[in-house]
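**Student:** the sequence isn't on hand, but the structure is:
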Ligand SMILES: [Zn+2]
């Protein structure tokens, strides 16, 4: 038991180090570590290459998750039948329907995964609905056209990977978002990356105003300080906090949720929610405190992540089923169904 725990801790440390080493320019799913007030996109010299992150990085980034899915695995996962557990018992791991709040189908994935194949993978993982965004938005529209029942489009403010690092200082981004936005189709703006100080930029102010005007979510990849700034900048803004800060501690996440009722958090790439086979006690306590404010997610930020959607959600279900059934059901899909209910 001690050995298993030690192994988990080592894996978690490796994961944290790997993720911390990546600037947002190179790795979409990576945390942003910068001095408060430093200029956008300068996480590390040369970090913003615009190159797709390597598959090796992706594999290491998934160190805390279970082994990658093999083609054979996909056929063994029964698509979920219903969201609500019947009879008050936690459903078997393979039958809990999920609403995945963090899927990308960006240009670098298009040649390897056809829209048909991407949808097939999502369904094989038992995902009933997914928030999908992409760089550029065309990928999202392709998946949405194919599976409007499954895909809930989000509008990413990036035209290409090059936008990730400096987009908050580029006023042409606003015109792109406004001209690409489809009322009644897109349900939010994001996922986008911000750091402390970005909220004051004209770009973020314009997009926040647009989100409030059009009743859209802001899906923000940010640390606890930057997400608090965004939430505080206008209490009417509804913020979906990507990765719950990715490297923010459960205590820091709790502080954000305590202080900002307009924030909900999704748990993509949060390998620390479960150690070996046991849900982390601090996270468990937080889920019980705020059962209505967490969503699950994957983050297919690089093509190789598509191979981990199925296995990643086997792991998601493994910790969800350690929660009371009503809480598990809410976090698995109920919260997202409520928050992203189709507009009337
Ligand atoms: Zn992402």
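**Tutor:** Received the coordinates, thanks. Remember, predicted model here, so these are calculated numbers, not experimental data.
**Student:** where does residue 338 fall, secondary structure wise?
**Tutor:** helix 335-339 (DSSP states H and E).
**Student:** okay, now the unreliable bits of the protein?
**Tutor:** Counting by pLDDT under 70, the chain contains low-confidence residues at 1-94.
**Student:** what sits closest to the spatially most central residue of the chain if chain neighbours are left out?
**Tutor:** Residue closest to the mean C-alpha point of the chain, counted by CA atoms, centre = their mean, is residue 102 at 3.5 Å. The shortest distance from residue 102 to any non-neighbouring residue, by CB to CB, 6 or more residues apart in numbering, is to residue 297 (3.1 Å). Just so you know, the C-beta spots here come from the backbone N, C-alpha and C atoms, and that holds for glycine as well.
**Student:** then residue 290?
**Tutor:** residue 257 is the one closest to residue 290 (CB to CB, 6+ apart), at 5.4 Å.
**Student:** how much space separates that neighbour from the ion?
**Tutor:** 20 Å (CB to the ion, to the nearest Å).
**Student:** cool, residue 217 as well?
**Tutor:** Residue 217 is 14 Å from the ion, by CB to the ion.
**Student:** the strands in the protein, which residues?
**Tutor:** Using DSSP state E, the strands of the chain run over 98-104, 127-133, 151-153, 188-193, 217-221, 238-241, 263-266, 274-275, 278-279, 294-295.
**Student:** which helices and strands sit right next to the first one?
**Tutor:** Secondary structure elements in contact with strand 98-104, counted by 3 or more CB pairs under 8 Å, 6 or more residues apart in numbering; DSSP states H and E, are strand 127-133, helix 309-320, helix 335-339.
**Student:** out of these, deepest packed?
**Tutor:** strand 127-133 (a mean of 25; mean count of other CB atoms under 10 Å).
**Student:** related to what we said a few turns ago, these two touch, right, the residue nearest to the centre of the chain and residue 312?
**Tutor:** No: between residue 102 and residue 312 there is no contact under CB atoms under 8 Å: 10.6 Å.
**Student:** hey, what's in contact with both of the two?
**Tutor:** Residues touching both residue 102 and residue 312 (CB atoms under 8 Å, 6 or more residues apart in numbering) are residue 298.
**Student:** leaving out chain neighbours, which residue sits closest to residue 253?
**Tutor:** Counting by CB to CB, 6+ apart, residue 244 is the residue found nearest to residue 253 once chain neighbours are left out, at 4.9 Å.
**Student:** residue 216 too?
**Tutor:** residue 188 (4.9 Å).
**Student:** distance of the one you found from residue 325?
**Tutor:** Separation of residue 188 from residue 325 (CB to CB, to the nearest Å): 29 Å.
**Student:** okay, the two: which has more neighbours?
**Tutor:** Between residue 188 and residue 325, counting by other CB atoms under 10 Å, residue 188 is the more crowded of the two (25 against 18).
**Student:** write down the beta-bridge partners of the more buried one, one by one.
**Tutor:** Beta-bridge partners for residue 188, by DSSP bridges, are residue 217.
**Student:** touching, it and residue 220? I think so.
**Tutor:** No: checked against CB under 8 Å, the pair residue 188 and residue 220 is beyond contact range at 10.0 Å.
**Student:** what touches both of those two?
**Tutor:** residue 240.
**Student:** residue 226 contacts residue 198, correct?
**Tutor:** Yes: using CB under 8 Å, residue 226 is in contact with residue 198, at 6.6 Å.
**Student:** quick one, what contacts the closest residue to residue 251 other than its chain neighbours?
**Tutor:** Counting by CB to CB, 6+ apart, residue 282 is the residue found nearest to residue 251 once chain neighbours are left out, at 7.2 Å. Taking CB under 8 Å, 6+ apart, we find residue 282 in contact with 249-251.
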